[in-house]
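**Student:** Show me how the following folds:
(2 chains)
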Amino acid sequence: MTLYTRFRKQLDAALDALVAAGTLPEGLARGAVTVEPPRDPAHGDLATNAAMVLAKPAATNPRALAEAIAEQLRLIDEVAKVDVAGPGFINLRLVPNIWSDELRTIAEEGGDYGRSDAGAGVSVNIEYVSANPTGPMHMGHCRGAVVGDALADLLEFAGNTVTREYYVNDAGGQVDTLARSAHLRYREALGEDIGEIPEGLYPGDYLIPVGTLLAETYGDRFVAAPEADWLAEFRTRTVAAMMDMIRADLALLGIRHDVFASEAELQAAGKPDDAEAWLRARDLVYDGVLEAPKGETPDDWEPVELPLFRSTRFGDDQDRPIKKSNGSWTYFGADLAYHYQKAQSSDELIDIWGADHAGTVKRIKAAVAALTEEKTRFDVKLVQMVRLLRAGEPIKMSKRSGNFVTLADVVGEVGKDVVRFTMLTRKADAQMDFDFAKVVEASRDNPVWYVQYAHARIASLHRKIAELGIALTAPDLSRLVEDELAVVRLAAQFPRIVEAAAAAREPHRIAFYLGDLAAAFHALWNVGNDDPARRMIVAADPMLTSTRLFMADQIGQVIRNGLALMGVEAAEELN
RNA sequence: GCGCCCGUAGCUCAGUCGGAUAGAGCAUCGGAUUCCUAAUCCGGAGGCCACAGGUUCGAAUCCUGUCGGGCGCACCA
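**Tutor:** Numbering: from 1, shown residues only, chains lettered A, B, ... in the order given. Got it, this is the predicted structure:
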C-alpha cells in the first residue's frame, strides 16, 4: 500500500465520521476524491480535494466543509499540521520522519518496492509485435515491441495477470508470396541461375538459407512440380523459419511472448465460422453490398455482395466484410474470431498497433464489443513511427530492395538497453526521432545516459567507501536535511507513478519519472562540489556517510526498479 | 468528401481522474568553475496551452465548431 492510498483510507474514515455526525449526507460518491502530493511542496506533503468535490452534493460550501474535514484529520497521529487553502484544498503536513521511514520501506521491499495489487484478479492479454512472418524485424516493428513488452511488465508489477501474445499472420496472400519466393531460392540452392528476383516477390537475402534448407529436405522433386504440390508445405516451412528469425530478433531485445497464435490454425479450427454463426444468429452479420468509397473511386470497383459485420451499430462508419468474394476470410473476419478467442481466456485485452492501422481500430473495437456483449475492456494502443537519423540526417529506407535497417543492426550498434529506454522516452502516440549519435551521447540531454549515470554514481559510493576504509554504522535518518528529504519524497512517489502509469497504460511515464529522479539526485550530489560537508562521503563522519549512503542506495533501488519495468539493466559503472 | 491522431516556450517534448502561480531538456542571456564527487554547475528571460463558444466551484485536460498538420479510407495484411 502506498502512502497515498493509506491516507486515502484515513480520509475515508474521516468522512465516515462526518457522516455519522450528520455533517455530511450518506451515500455521496467519493470517486473523484484524490489524495496526492501538491504541485508546490510549500503546500505540504499531501493534499486532498475532498471538500471541493463533496461540497455541492452535500449542499454546503467548500471552505466550511474543508474545515470540518480538517478537524477530523488533525486527530491522526502522523499528521503534524492541516491547512485549508485556496478554493477548499486541504493540505496536510506530516510528521518529519514519515519520508525518512519510507527509505526503510524501500530497503525492506527492495525489488518489490512499488509493486501494487491494484490490478489483482484481473487478467490482461496484451498482443504486440505481430509482425508478418515474411522477413526479419526492422525498426518499424521495434517501438511497438518495446512499448508492448514494457506495458506487459508494468501491468504485471501493478498486480495484473498478463499474457503476452503474438498473432502470426500465416494465412493470407503474403505468405503465399513468401512461399513462392522461397521456392525460387530453393531452385537457386539446387544450382539454377534465378537472375533478378521478379517484382512482387521478397528479394531479401534472408531467404537464401531457407532455400538451402528446402533443397536439403526435398531434393529436386519440386523444382518443376506445379505450385499446388509444394505451396502449402513450403509455406509452413518458410513461415516457421521466419518465426525462428523473428523470435531471435525479439530475444535481442529481451522479449519473449507466452503465446504465438496462428491465424492458419485459427481458420483450420473453424473459429471464424463459429464467430460468423454466432453473429448471424444475432443479426450482426448479413449479406449486403457496400457503397463505393467516397472521394477517389478505384477504377476496378464493382458492387459485390459480401457477408458484412454490422460494425456501424457499434460506432464504425461502415459495415465491414468478413469474407472476400472468393469465399476466403478477410483479415478482419479472422481477426474478429481471434479477438473472441482471446476474450475467452482474459478479462481485458490490449492490442499494440502501428499508427498506419489507425483506420481499422473502430471495426475491431466494434467486433469485440459485439462478441463480448460489451463486457470486455479492450484498448488499442497506436504506436507512431520512428524516424531514424544518423548525424541529424534521416536514413533512407527502401523496402523494395530489401534495404531496410533491421532491428538486429540497431541493437548491435547501440545495445538493447539504449534501444529500449529510448523507445519509451516519448508518449506512444507521438512521433519520435531516433538519432544513432544522440542516444549514446554522454550528456545531460540524453535521458538514457543521465539515469544510468545517477545509478552508477550511487554504485561508485560503495567502491569509494571501501577504498577509503570507512567503517559503516547504522544510519541516523534524523540527520537528513531538507533538500535530501525532497529527493526522498520524489523517490517515494514511485509506487503511485507505477499505479498511474499502469492505469493509463502508459509505460513512458516511468522513463520520465526516472529522468526527474535522476536529475534531483544529481542536483543533490552537485551541492557537494562546492561544499565538501555536503558530499555523500564525509570520511571524518562515518555515521553521516552511512546515512547518506543508505539514502542514496534506496534512490538507486528505485532507479533499478523503474529500469527493470522498462527491461533495462542498471549500470554499475559507465565507461 | 468521410474517419482517426495531433496542435503546449524559438526547437524537442512532459503535464496524474478536471485542481492551486502550466513544467523539463536544448538553444539563448547572466554568473560560477580548470575542480576529478569526472564526463560541468547555478540562475534569468521566454506562454492567448492553435482559435471561438460551451459544461463547472475550477479547463491545457471534457463537449461543439473553425483553422492548421499527419495518417487512413471497398473483398491488403
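
**Student:** in stretch A:21-30, what's buried?
**Tutor:** Buried residues in stretch A:21-30, counting neighbours by 16 or more other CB atoms under 10 Å, are found at A:23-24. Where C-beta positions appear, they are placed from N, C-alpha and C, glycine not excepted.

**Student:** so where's chain A uncertain?
**Tutor:** A:1, A:293-299, A:396-403, A:575 (pLDDT under 70).

**Student:** Can you pull the domain assignment for it?
**Tutor:** Using automatic domain parsing, the domain ranges for chain A come out as A:3-95, A:123-169+A:256-383, A:173-252, A:447-565.

**Student:** my read: A:Leu306 touches A:Leu290, true?
**Tutor:** Yes - using CB atoms under 8 Å, A:Leu306 is in contact with A:Leu290, at 7.2 Å.

**Student:** and those two? which has more neighbours close in?
**Tutor:** Per other CB atoms under 10 Å, whichever of A:Leu306 and A:Leu290 has more neighbours is A:Leu306, with 19 against 15.

**Student:** Surely the more buried one is within a helix?
**Tutor:** No - A:Leu306: not assigned to a helix; according to DSSP: H, G, I helix; E, B strand; the rest coil it is strand.

**Student:** What distance do you get for the residue lying closest to it once chain neighbours are set aside to A:Ala369?
**Tutor:** Spatially, and ignoring its direct neighbours in sequence, A:Leu306 is nearest to A:Pro321 (4.1 Å; CB to CB, 6 or more residues apart in numbering). Relative to A:Ala369, A:Pro321 is positioned 18 Å away (criterion: CB to CB, to the nearest Å).

**Student:** Looking at the two, which is more packed in?
**Tutor:** A:Pro321 (20 against 17).

**Student:** does that one really touch A:Thr330, like I thought?
**Tutor:** Yes - between A:Pro321 and A:Thr330 a contact is recorded at 5.5 Å, counting by CB under 8 Å.

**Student:** hang on, A:Arg444 is in a strand, isn't it?
**Tutor:** No - under three-state DSSP, A:Arg444 sits outside any strand and is assigned coil.

**Student:** show me what contacts it?
**Tutor:** Contacts of A:Arg444 were listed using CB atoms under 8 Å, 6 or more residues apart in numbering, and they are A:Tyr450.

**Student:** Between the two ends of stretch A:68-81, how far is it?
**Tutor:** 14 Å (CA to CA, to the nearest Å).

**Student:** quick revisit: how about the domains of chain A in JSON lines, adding distance to A:Pro394?
**Tutor:** JSON lines is the format used below for those (distance: least, CB to CB, whole Å):
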{"stretch": "domain A:3-95", "distance to A:Pro394": "38"}
{"stretch": "domain A:123-169+A:256-383", "distance to A:Pro394": "12"}
{"stretch": "domain A:173-252", "distance to A:Pro394": "22"}
{"stretch": "domain A:447-565", "distance to A:Pro394": "21"}
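
**Student:** Tell me which of the ones you listed approaches A:Val414 most closely.
**Tutor:** Closest approach to A:Val414 among the domains of chain A is made by domain A:447-565 (9.3 Å; CB to CB).

**Student:** How far off centre is the closest one?
**Tutor:** Using CA atoms, centre = their mean, to the nearest Å, the mean C-alpha position of domain A:447-565 is found 25 Å from that of the whole chain.

**Student:** and it, anywhere near RNA strand B?
**Tutor:** Yes - applying CB under 7 Å from any atom of the strand, one finds domain A:447-565 touching RNA strand B at A:453, A:456-457, A:460, A:496, A:500, A:503-504, A:506, A:508-509, A:512, A:515, A:519, A:522-523, A:525-526, A:528-529, A:535-538.

**Student:** Please pick the buried ones from the residues you listed.
**Tutor:** By 16+ other CB under 10 Å, the residues of domain A:447-565 next to RNA strand B give A:453, A:456-457, A:496, A:500, A:506, A:508-509, A:512, A:515, A:519, A:522, A:525, A:535-538 as buried.

**Student:** so which helix or strand takes in A:Ile350?
**Tutor:** strand A:348-354 (DSSP states H and E).

**Student:** Now do the helices in the stretch 201-350 of chain A.
**Tutor:** A:208-218, A:227-252, A:263-268, A:271-281, A:331-345 (DSSP state H, counting those that start in this stretch).
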